[in-house]
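Student: just the structure for this:
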Amino acid sequence: MEHKALRIIISGGGTGGHIFPAVSIADKMKELNPENEILFVGAEGKMEMEKVPAAGYRIIGLPMVGLQRQLTFKNIINDIQVPFKILHSLHKARKIVKEYRPDIAIGVGGYASAPLLWAATSKKIPALIQEQNGFAGLANKILGKRVDKICVAYEGMERFFPAEKIILTGNPIRKDVSSPATPAMKEEGYEFYHLDPAKKHIFIVGGSLGSGTLNKSMMKWIEEGCPGGQDIEVIWQCGKYYKAKMDAFMEEARKKAADGLVQIQHHDFIKRMDLAYAAADIVISRSGASTVSELCALHKATIFVPSPNVAEDHQTHNAMALVRKNAAIFVKDADAPEILMKEAVSLLANEEKLHIMEDNIGKLALPDAALTIAETAYGLVK
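Tutor: Residues are numbered from 1 along each chain as shown. Predicted coordinates:
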């Protein structure tokens, strides 16, 4: 396919789960033709306004906000403003489309994608959306009827979108976590994190801020004396929000452990995710779309504890898509403190199940997602 120079708008954001795929698609469009001009449109005050310029792209913000479901005075004030901000955003989006004259518009979900894609499709500009999750977000469900193509990461998305528009592409993922670790990389991981290669390794991914539930689960296991953990070492990303509390907890736990504590290292931030993944025999994680796609590409046996605090409970849908194919284990957030680490210890002891899960999750990997989405975009430009 010819890759002529295009003017492209990519819209959406709000969370890292939206921003990272958006930047990956932009990077791939630049690879296909360095002359491509790319403009991002995000939501004012959201993280894309910082992350996108850091990746080398121009961004314009819309004054979009989302409805808040919890009943507080602050949220009521917010929700009263929503219709006015939507109208303002639509007006600004129309102006951006008129002045920039894009050849194609790409939406990745999040507040800003709806007004921008609405404005673009009103002008008959070709458009596609990328839905990262196994349960479609509100903005994408609305836009699905208007756009030309819908790039999805999970099967069965016909319940949200017209079947003839759907393309199974997967989610764009980072280059350094796009394939299973080589033996040399595993060795590098052991060395970097000072691990014993003769032991089994768990990597707990709590995200940059951390996960209260995953931290509570670890704390309970440690308080109980780490049952079953004598041949296990743990890399635990507790998150910067919880780091001071975990420092104090671990100091106290080490004092109390008469026979010495299982080798547990807790970090607020993981400098080398690729090496932590490489060293891990199993991963315990939330189930955001990008994380799930990375774990599929890495062929990692995983226990998912979906966050209950996300719109439409999409993390549960993401996890269950893998659980149904015997490619992951699901532990409910409310049950995690009691059973999570028991499940992890049990899985590590079951080599056969471990290998079956690695094989099954690997079959679900779609590592060329960014290229497939970029080629699909090109296919829509007349």
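Student: so what pLDDT did S113 get?
Tutor: Predicted confidence (pLDDT) for S113: 89.
Student: for it, give me its contacts.
Tutor: For S113, the contact set (C-beta atoms under 8 Å, 6 or more residues apart in numbering) comprises S11, G12, G107, I129, A139, N140, L143. (Glycine included, C-beta is placed from N, CA and C.)
Student: quick one, strands of the stretch 101-250 of the chain?
Tutor: Under the criterion DSSP state E, counting those that start in this stretch, strands of the stretch 101-250 of the chain are mapped to 104-107, 127-131, 149-152, 166-168, 200-205, 232-237.
Student: of all the contacts of S113, which two lie farthest apart?
Tutor: Greatest spatial distance among the contacts of S113 (C-beta to C-beta): S11 and N140, at 11.6 Å.
Student: just want to know which of the two has more residues nearby.
Tutor: Using other C-beta atoms under 10 Å as the criterion, S11 and N140 rank with S11 on top: 35 against 27.
Student: any idea how far the more buried one is from E35?
Tutor: 21 Å (C-beta to C-beta, to the nearest Å).
Student: and for P63?
Tutor: Going from P63 to E35 by C-beta to C-beta gives 32 Å.
Student: the two: which is more packed in?
Tutor: P63 (18 against 10).
Student: in stretch 162-169, what's buried?
Tutor: Within stretch 162-169, the residues scored as buried using 16 or more other C-beta atoms under 10 Å are K165, I166, T169.
Student: closest to L87 among these?
Tutor: For the buried residues of stretch 162-169, the residue nearest L87 by C-beta to C-beta is K165; the value is 27.8 Å.
Student: hmm, that closest one is touching R146, no?
Tutor: No. In this structure, K165 is not within contact of R146 by C-beta atoms under 8 Å, at 10.2 Å.
Student: show me the shaky parts of the chain.
Tutor: Along the chain, segments meeting pLDDT under 70 span 16, 65-85, 258-260.
Student: which residues in it form helices?
Tutor: Listed in chain order, the helices of the chain (DSSP state H) span 16-32, 48-54, 73-100, 113-122, 138-143, 183-192, 212-223, 243-256, 273-279, 289-298, 314-323, 336-348, 351-363, 369-380.
Student: of all the ones you listed, which one comes closest to V205?
Tutor: helix 289-298 (6.9 Å).
Student: could you list every helix and strand that the closest one packs against?
Tutor: Counting contacts by 3 or more C-beta pairs under 8 Å, 6 or more residues apart in numbering; DSSP states H and E, helix 289-298 packs against helix 16-32, strand 282-285, helix 314-323, helix 351-363.
Student: so what's the gap between the shortest one and the chain middle?
Tutor: Meaning strand 282-285. Computed by C-alpha atoms, centre = their mean, to the nearest Å, the chain-centroid distance of strand 282-285 equals 14 Å.
Student: the third one now?
Tutor: Centroid separation between helix 314-323 and its chain, computed with C-alpha atoms, centre = their mean, is 12 Å.
Student: with only the CA atoms kept, save it in CSV.
Tutor: Provided in CSV are the C-alpha atoms of helix 314-323 (Å, rounded to 0.1, in the frame of the first residue of the first chain):
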residue,chain,number,x,y,z
HIS,A,314,-14.2,-2.9,31.9
GLN,A,315,-11.2,-4.5,33.7
THR,A,316,-13.3,-7.5,34.7
HIS,A,317,-14.4,-7.9,31.1
ASN,A,318,-10.7,-7.7,30.0
ALA,A,319,-9.7,-10.3,32.5
MET,A,320,-12.6,-12.7,31.8
ALA,A,321,-11.9,-12.7,28.1
LEU,A,322,-8.6,-14.5,29.0
VAL,A,323,-10.0,-16.6,31.9
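Student: contacts for that helix next, please.
Tutor: 133-135, 137, 154-156, 286-289, 292, 296, 302, 304, 306-308, 328-330, 361, 364.
Student: ok, the first one next?
Tutor: Judged by C-beta under 8 Å, 6+ apart, the contacts made with helix 16-32 from elsewhere in the structure are 3, 6, 8, 10, 12-13, 36, 38, 40, 47-48, 51-52, 55, 57, 106, 108-110, 130, 132, 171-174, 288-290, 369-371, 373-375, 377-378.
Student: please, a PyMOL command that selects the buried ones among those?
Tutor: Applying 16+ other C-beta under 10 Å to these, the buried members can be selected in PyMOL as follows:
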select buried, resi 6+8+10+12+13+36+38+40+48+51+52+55+57+106+108+109+110+130+132+171+172+173+288+289+290+369+370+371+373+374+375+377+378
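Student: out of everything not next to it in sequence, what's closest to L340?
Tutor: With C-beta to C-beta, 6 or more residues apart in numbering as the criterion, L340 has its nearest non-adjacent residue at 4.2 Å, and that residue is S217.
Student: now do the contacts for that neighbour.
Tutor: Contacts of S217 by C-beta under 8 Å, 6+ apart are V305, A336, P337, L340, M341.
Student: one more: A114?
Tutor: M64, G107, A139, I142, L143.
Student: likewise for G14?
Tutor: Residues near G14 by C-beta under 8 Å, 6+ apart: A43, K46, M47, E48, G66, G110, Y111, A112.
Student: and the residue nearest the centre of this structure?
Tutor: S290 (2.8 Å; C-alpha atoms, centre = their mean).
Student: isn't that one right up against I173?
Tutor: Yes. Shown here, S290 and I173 form a contact pair, counting by C-beta under 8 Å, at 6.6 Å.
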